[in-house]
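Student: Could you work out the structure for the sequence below:
(one chain, ligands or ions: 1)
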Amino acid sequence: MGLLEMEGLTKRFSGLTAVDDVDLTVERGETKAIIGPNGAGKSTTINLVTGLLEPTEGHVYYDLSDEDAADLHEIREVPDDERDQQQRQRIEQLRKEYGITGSEPHEVVQKGISKSFQTASIFPGMTARENVQMAALANEHGSFQLNFLRKRDSFTEVDETATEMLEAVELHGSDDVEAGSLPYGDKRRLEIAIALASEPDLLFMDEPTAGMSPEETQSTVDLVERLQEELGLTIVLVEHDMEIIFRIADSIAVLNRGAIIADGTPEEVQDNTDVQEAYLGGVEL
Ligand SMILES: Nc1ncnc2c1ncn2[C@@H]1O[C@H](COP(=O)(O)OP(=O)(O)OP(=O)(O)O)[C@@H](O)[C@H]1O
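Tutor: Numbering: from 1, shown residues only. As a prediction, this is how the structure comes out:
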């Protein structure tokens, strides 16, 4: 069942509906790709989940139990104004318990959702290790505030997390190198390690292979697969490269003009004529 659920998610920018009534489920442990033409609403959808934007309408739920997710799915099928009293009460209860709609970005990170975006989060003058330590420390600080009675050796934990994440992205050999002088592919890996420093369950990746050489692309694809297997991560990625998507995605959601026009396995999406029409103007995927 879904780790992340969107219900009727909508974002309007003055006259333009960038995200239009999106119902979407991200299953626990899967790698889900969100694809669609330029301007389809992919980034906006992610920004609505990660707290950078507030939805105009709709809700986001995180980490539901199977039973509660099943209830949500059932109620989600019924239009808002046709829901009976019991369904309304139930959905209010689910929103209270699992809703992350309109949360601040740092609150979303604390819940276990992180993102690795192209826009660099790296401090170039600091070493790779210091960069990951900083990110881990920010997370530790948040949890320290929440658990202020718990005694812990903060720095050791932060350093252990940094080591683990640098190893996960295979940068442990370069941990003392200044981040600014790392090769491009390694910088992108470091960004992933920084996103992992908050020890998320769900990781958003925005075009993780953009601008990479074929070798760097291959090793990033391997890395994404390994992260999913070894850290048990759920991954949502926005990616334009179809070859990569079909290699690593368990499921694909297709957005067009803000609306979901297909959501299924790569094979299902590939055979969908609406997708072929909307996405590539009739050219076969
Ligand atoms: N802050 C904003 N204010 C006004 N319009 C916006 C804003 N952000 C996005 N839009 C518009 O919303 C629509 C969806 O944009 P979005 O960036 O989500 O698309 P996308 O699918 O991520 O596109 P791309 O593949 O080009 O990155 C576009 O028409 C865009 O111009």
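
Student: where exactly do the strands run in the stretch 151-285 of the chain?
Tutor: Secondary structure of the stretch 151-285 of the chain (DSSP state E, counting those that start in this stretch): strands located at 202-206, 234-238, 251-256, 259-264.

Student: Can you lay out these as a markdown table showing mean pLDDT, distance to the ligand and mean neighbour count?
Tutor: Any C-beta I mention is one placed from the backbone N, CA and C, and that applies to glycine too. Shown next, in a markdown table, are the strands of the stretch 151-285 of the chain (pLDDT from 0 to 100; distance: least, CB to the nearest ligand atom, whole Å; neighbours: other CB atoms under 10 Å):
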| stretch | mean pLDDT | distance to the ligand | mean neighbour count |
| --- | --- | --- | --- |
| strand 202-206 | 93 | 8 | 23 |
| strand 234-238 | 95 | 7 | 24 |
| strand 251-256 | 95 | 6 | 23 |
| strand 259-264 | 96 | 12 | 19 |
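
Student: tell me which parts of this structure are close to the ligand?
Tutor: Within reach of the ligand by CB under 6 Å from any ligand atom, the chain has these residues: 13, 16, 18, 36, 38, 39, 40, 41, 42, 43, 44.

Student: Tell me what residue 254 is bridged to.
Tutor: Taking DSSP bridges as the rule, residue 254 bridges to residue 35, residue 262.

Student: want to throw the strands of the stretch 151-285 of the chain into CSV with distance to residue 99?
Tutor: Shown next, in CSV, are the strands of the stretch 151-285 of the chain (distance: least, CB to CB, whole Å):
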stretch, distance to residue 99
strand 202-206, 16
strand 234-238, 19
strand 251-256, 21
strand 259-264, 20
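
Student: in the protein, what residue sits furthest out from the centroid?
Tutor: Distance from the centre of the chain peaks at residue 85, with 33.6 Å (CA atoms, centre = their mean).

Student: Am I right that residue 22 sits in a strand?
Tutor: Yes. Under DSSP: H, G, I helix; E, B strand; the rest coil, residue 22 falls within a strand.
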